[in-house]
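Asks: Mind looking at a prediction? Sequence and model below.
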Amino acid sequence: MWRLQAAAASEGVGFAAFLADHADDLLAIIDADAGLFTIGQDRFALAPGASQTLVAADMVIEVARPHGPRFATDDLRGLGAAPTADIASACVVELTGERGRLMLFRRETPLEETWAGDPDKRVTPLLGARLNPRKSFDQFRATRRGRCRPWRGADVKAAALTAAPA
């Protein structure tokens, strides 16, 4: 993070302006769709849709808090949060030496799965009857929503390096 502050100073702009000017580069390097820096009470949105990002940030801070200084998930729903199509996952890194964090978000990536029969169909045998294999293995298609591509270790490390002092 201090490297970013030094770069901002070398360009003669404030930190928030620097982040706004270089948000696309930072998000591309870390492979994220949106992001947010928080330092104390100040928030700096990285990417369009800032209001959606701010709402997600409040949700993610609560989910990430028990997991320590680095946290990443591709399934916010599985942690009790309510993902949206724009924000389905998060990577959160605490800023070293600051009271703040870098939060990165990814959009939902719907995944179509094909099953041999409906995997959620419950079968209840009649009293005293034997349970037999299903009679039909017709293809059953389902779209899984609310998740995204997983955060790789390299993504989390790049976020941590961004948040670390020089």
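Replies: Sure thing, it's come through.
Asks: Please save the CA atoms from stretch 120-131 in CSV.
Replies: Extracted as CSV, the C-alpha positions of stretch 120-131 are listed here (Å, rounded to 0.1, in the frame of the first residue of the first chain):
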residue,chain,number,x,y,z
ASP,A,120,-32.3,-33.3,-5.6
LYS,A,121,-35.2,-35.7,-6.2
ARG,A,122,-36.0,-37.4,-2.9
VAL,A,123,-37.0,-41.0,-3.0
THR,A,124,-39.1,-42.4,-0.1
PRO,A,125,-39.6,-46.2,-0.2
LEU,A,126,-43.1,-47.5,0.6
LEU,A,127,-43.4,-49.2,4.0
GLY,A,128,-41.6,-52.5,3.8
ALA,A,129,-40.6,-52.0,0.1
ARG,A,130,-37.0,-52.2,-1.0
LEU,A,131,-35.3,-49.1,-2.4
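Asks: Can you mark which positions in stretch 142-150 are buried?
Replies: 146-148 (16 or more other Cβ atoms under 10 Å). To be clear about C-beta, it is placed using only N, CA and C from the backbone, and glycine gets the same treatment.
Asks: All the strands of the chain, residue numbers only.
Replies: Applying DSSP state E to the chain gives strands spanning 34-39, 42-46, 70-73, 89-94, 100-106, 111-116, 139-144.
Asks: out of those, nearest to residue 19?
Replies: Checking the strands of the chain against residue 19 by Cβ to Cβ gives strand 42-46 as the closest, at 4.9 Å.
Asks: returning to that earlier point: between the buried residues of stretch 142-150, which is nearest residue 139?
Replies: Using Cβ to Cβ, those come closest to residue 139 at residue 147, 21.9 Å.
Asks: what sits against the closest one?
Replies: By Cβ atoms under 8 Å, 6 or more residues apart in numbering, the contact list for residue 147 reads 74-75, 77, 83, 88-89, 108-109, 111.
Asks: Between its first and last residues, how far does stretch 103-114 reach?
Replies: 34 Å (Cα to Cα, to the nearest Å).
Asks: Show residues contacting that stretch.
Replies: Residues from elsewhere that reach stretch 103-114 (Cβ under 8 Å, 6+ apart): 27, 30-38, 53, 56-57, 60-61, 74, 83-92, 139-149, 151, 155, 159.
Asks: List only buried entries from these.
Replies: Neighbour-count burial (16+ other Cβ under 10 Å) applied to these gives 27, 30-38, 53, 56-57, 60, 74, 83-84, 86-92, 146-148, 151, 155, 159.
Asks: how about the strands of the chain, which one is nearest residue 22?
Replies: Of all those, strand 42-46 sits nearest to residue 22, with 8.9 Å by Cβ to Cβ.
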